[in-house]
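K.L.:
The following comprises the amino acid sequence and a computationally predicted model.
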Amino acid sequence: MCIGSAARPRRPSPATFFGSGQVEAAAAHVAARQPGRVFVNALLSGVQQRNLERAWGRPVLDRVALIIEIFSQRARTAEARLQVELASLEYKASRLVRVVDASTGKRTAFGLEGDVEIVSARERGRSGSSAGGLGAGGGQGESELQLQRRRIADRRKLLLRRLEEVRKTRAVQRAARRRSGKPQVALVGYTNAGKSSLLRALSKDAEGVGVEDRLFATLDPTLRRVMLPGGRDVVLSDTVGFISDLPHALVEAFRATLEEVTEADLLLHVVDASSPHALQQRTAVLEVLRELGLSEERLQDAVIEVWNKCDQLPVADAAEEGLLDVDAAAAAYRPTAVATSVLRRQGLQQVLAAVEHKLEAQLAGRRQTSRRSAKRAGAEAWEAAEAAEQALPPASSPDDHRPAHGSAASGMTGAAGPAAALAAAGAGRLGSKPPPIVLSPEVVLHDRCNLVALPIVGGLVLAGLLGAVDTLLVTKAFILYIVADFFYILLEPKAVPSRPRVILWHHAVTFLLLQIPLKHPSLGVYTCYDGLIEWNTLFLIARRQFPRFYRQLNFLYWATFYPMRLVLFPVLLPFFWREMTSGGYAWWETAAVMGTQASLCVFNAWFLIASWRRHR
Ligand SMILES: Nc1nc2c(ncn2[C@@H]2O[C@H](COP(=O)(O)OP(=O)(O)OP(=O)(O)O)[C@@H](O)[C@H]2O)c(=O)[nH]1
Ligand SMILES: [Mg+2]
């Protein structure tokens, strides 16, 4: 039985996820239909899962548990089984409870089917031994739980050790393939998008490539040799498909397998264009790739999108109903994309041509020895690509760089447009090109809000320093901005390209710091010094939003980064100290100012390291 998104509450209850009315209504359904288990299409906490099991008298599976279960059914090889077991252990460890069979009073393992009563260690401690008739009370319950935890930890260690061996073996095999000089291309995409079908259609040796109309048909990497139109061979690998809210435990557990993706020279991102959720699925895949550590630059440089199943695309209807707004997607992301129907063998040559183009671009990029000249080449290529795009006749431009409706209807069209022009111009190397263009709509919207708010805050800060504006007003405006941005990111974490939690932490610390000048307006000038940093943030955002002015904005970004984040913030520390210890301030105010300013220095250092890493 499945309780789906139709019943999804707007604000989930911490105890039962659903409201009490929904739980009762579902209990009636459960009683009438007597399902073996109940699936809730959401992520449940341990407590929610336990309470729902109690209310419905049936084992409850949440989204993560179901995915792990499907994985465990599909796992055939030793490697896949190891990875699934690790994921399921991580999941169990996060919600370790004692399970007691109500009919026999015997303890069972976690999540077994049947009429079970589940008691947490804490509850058991409260109610003594009565819950399951096992043992003398809370003390023993605790130790049982600890025993379970230790067993899980031991098993986990063993699995990690074995997986480490798998990783090493895979790394050695990859290194051997690299030595053979064959570029590595990895297929990625939402589960059931047609990755294995594409591998089968492109490879010379299709034997053993399984294609099935079910989720997670492929779990293990499958490698095949594929010849490009120019006669060159590449190694194409097919791996596990992704899904929205892919459990973190699974991503971690499947790292050995997923390294085929992270280490590849190119990624073919297969999207099921016929799905009404194609865009969400595409975003979910990009999120997992980011979680795997792929930088925005790599997502831009090394990804070719293959919009598959176009034979099933009800082109006009979908566009009219707004189900598949390919135009909006293309405008937001401008990917190198090819429309295909693997089933009808359409668009396959275009996929190979796009791979060849990108690989040539990468090779050309590698030949650029000096970073400076590479940068220049990238910006020029970008400008040339932009100019080329503007020069394209309007009727042909959509087909050139995205799987537009027309192209799907009239057969398949190859990839071109700015991204391909960039590739052809050899601008595929890092540092040699404009900023990432794979930005989600959430990031774009948030960036645009900031492009309005930050000049206001930055302007007020400058005016405050020049004495043209009351610094208390600057403090209040700054607080308003920080609070608004905090809640924006809290409610929509995807509004920032990465690490929303770190940014929330930064905003919370800044908010705390600003409370002191709010209380003591004489300290307002320090708000203005700290607030100068917002200019740097503005240039960062403007740089990715206005690729045409990349060079200028990049210069401004770094020209403000070093003096502000690395010099000004630490230098302010002794000034703050002198001011705060000169009298008139409580010790906790001094501690708050020093602590928050020091934390911001740490944030800046982290930010620098993260920027460098991304760059590398
Ligand atoms: N209509 C249509 N169906 C397709 C096309 N390509 C693949 N399929 C079908 O889609 C289903 C899934 O294909 P797979 O290649 O197994 O998909 P996958 O992405 O490898 O799936 P997982 O391994 O489960 O992640 C199969 O039933 C294919 O026959 C296509 O171009 N058009
Ligand atoms: Mg597959």
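P.N.:
It's in. Residues are numbered from 1 along each chain as shown. Ligands and ions are numbered 1, 2, ... in the order given.

K.L.:
List the buried residues in stretch 290-299.
P.N.:
For stretch 290-299, the neighbour count (16 or more other CB atoms under 10 Å) marks 290, 292, 294-299 as buried. Using the backbone N, CA and C atoms, a C-beta is placed for each residue, glycine as well.

K.L.:
My reading is that residue 554 lies in a helix. Confirm?
P.N.:
Yes: looking at residue 554 with DSSP: H, G, I helix; E, B strand; the rest coil, it is inside a helix.

K.L.:
Neighbours of it, how many?
P.N.:
19 (other CB atoms under 10 Å).

K.L.:
which residue sits closest to it, ignoring its sequence neighbours?
P.N.:
Nearest residue to residue 554, sequence neighbours excluded (CB to CB, 6 or more residues apart in numbering): residue 543, at 5.6 Å.

K.L.:
Can you verify my assumption that the one you found contacts residue 550?
P.N.:
Yes: between residue 543 and residue 550 there is a contact at 6.4 Å, judged by CB atoms under 8 Å.

K.L.:
can you count the residues close to residue 188?
P.N.:
Neighbours of residue 188 under the rule other CB under 10 Å: 27.

K.L.:
Next up, the contacts around it.
P.N.:
195, 239, 242, 261, 267-270, 285, 289 (CB atoms under 8 Å, 6 or more residues apart in numbering).

K.L.:
now the residues you listed as CSV including pLDDT, secondary structure and neighbour count?
P.N.:
CSV is the format used below for the contacts of residue 188 (pLDDT from 0 to 100; DSSP: H, G, I helix; E, B strand; the rest coil; neighbours: other CB atoms under 10 Å):
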residue, pLDDT, secondary structure, neighbour count
195, 92, helix, 31
239, 83, coil, 24
242, 85, strand, 26
261, 87, helix, 22
267, 94, strand, 25
268, 94, strand, 26
269, 94, strand, 26
270, 94, strand, 31
285, 91, helix, 26
289, 89, helix, 22
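
K.L.:
Close to ligand 2 as well: tell me which of the residues you listed qualify.
P.N.:
For ligand 2, no contacts are drawn from the contacts of residue 188 by CB under 5 Å from the ion.

K.L.:
filter these down to the ones close to ligand 1.
P.N.:
Checking these against ligand 1 by CB under 6 Å from any ligand atom, the ones in range are residue 195.

K.L.:
Now do residue 13: how many residues are near it, please.
P.N.:
Each residue near residue 13 was counted by other CB under 10 Å, and the total is 14.

K.L.:
Tell me the pLDDT of the nearest residue to it once chain neighbours are set aside.
P.N.:
Using CB to CB, 6+ apart and skipping residues adjacent in sequence, the residue nearest residue 13 is residue 19, 6.2 Å away. Note on residue 19: pLDDT of 86.

K.L.:
So which bits of the protein are right by ligand 1?
P.N.:
So the chain meets ligand 1 at 189, 191-197, 211-213, 215-218, 241, 308-309, 311-312, 341-343 (CB under 6 Å from any ligand atom).

K.L.:
try 5 Å
P.N.:
Neighbours of ligand 1 within the chain, by CB under 5 Å from any ligand atom: 191-197, 211, 213, 216-218, 241, 308-309, 312, 341-343.

K.L.:
which intervals of the stretch 151-300 of the chain have sub-threshold pLDDT?
P.N.:
Scanning the stretch 151-300 of the chain with the threshold set as pLDDT under 70 gives 204-206, 208.

K.L.:
so where is this structure shaky, pLDDT-wise?
P.N.:
In the chain (pLDDT under 70), the answer is 1-9, 96-144, 204-206, 208, 314-335, 366-440, 547, 613-616.

K.L.:
quick one, strands of it?
P.N.:
Along the chain, the segments classed as strands by DSSP state E run 2-3, 38-40, 60-61, 98-101, 107-108, 116-119, 184-189, 222-227, 233-238, 266-272, 303-308, 336-339.

K.L.:
Out of those, which is the most enclosed?
P.N.:
Mean neighbours per residue, mean count of other CB atoms under 10 Å, is largest over these for strand 336-339, with a mean of 30.

K.L.:
So among the residues of the chain next to ligand 1, which ones count as buried?
P.N.:
Judged by 16+ other CB under 10 Å, buried ones among these: 191-197, 211, 216-218, 241, 308-309, 341-342.

K.L.:
from these, which single one is nearest residue 183?
P.N.:
For these, the minimum distance to residue 183 (CB to CB) is 18.1 Å, reached by residue 195.

K.L.:
show me the residues around that closest one that make contact.
P.N.:
If you count contacts by CB under 8 Å, 6+ apart, residue 195 has them with 187-189, 218, 238-239, 241, 270.

K.L.:
and if you look at residue 184?
P.N.:
Applying CB under 8 Å, 6+ apart to residue 184 gives the contacts 174, 177-178, 234-235, 237, 260, 263-266.

K.L.:
can you tell me the residue of the stretch 51-200 of the chain closest to ligand 2?
P.N.:
residue 196 (3.2 Å; CB to the ion).

K.L.:
which residues touch that residue?
P.N.:
187, 209-211, 217-218, 222, 238.

K.L.:
switch the cut-off to 6 Å
P.N.:
Contacts for residue 196 (CB atoms under 6 Å, 6 or more residues apart in numbering) come out as 209, 211, 218, 238.

K.L.:
picking that back up, which among the buried residues of stretch 290-299 gets closest to ligand 2?
P.N.:
residue 292 (18.0 Å).

K.L.:
residues in contact with the closest one?
P.N.:
258, 262.

K.L.:
Next one: it relative to residue 216, how far apart?
P.N.:
For residue 292, the distance to residue 216 (CB to CB, to the nearest Å) stands at 17 Å.

K.L.:
just to revisit the earlier point, so, if you compare the contacts of residue 188, which one comes nearest to ligand 1?
P.N.:
When the contacts of residue 188 are ranked by distance to ligand 1 (CB to the nearest ligand atom), residue 195 comes first, at 3.6 Å.

K.L.:
Would you mind measuring from residue 184 to ligand 1?
P.N.:
18 Å (CB to the nearest ligand atom, to the nearest Å).

K.L.:
ditto for residue 34
P.N.:
31 Å.

K.L.:
now residue 146
P.N.:
In this view, residue 146 and ligand 1 are 39 Å apart by CB to the nearest ligand atom.

K.L.:
so how many other residues sit close to that residue?
P.N.:
Residue 146: 12 neighbours (other CB under 10 Å).

K.L.:
One more: residue 559?
P.N.:
Look at residue 559: counted by other CB under 10 Å, it has 12 neighbours.
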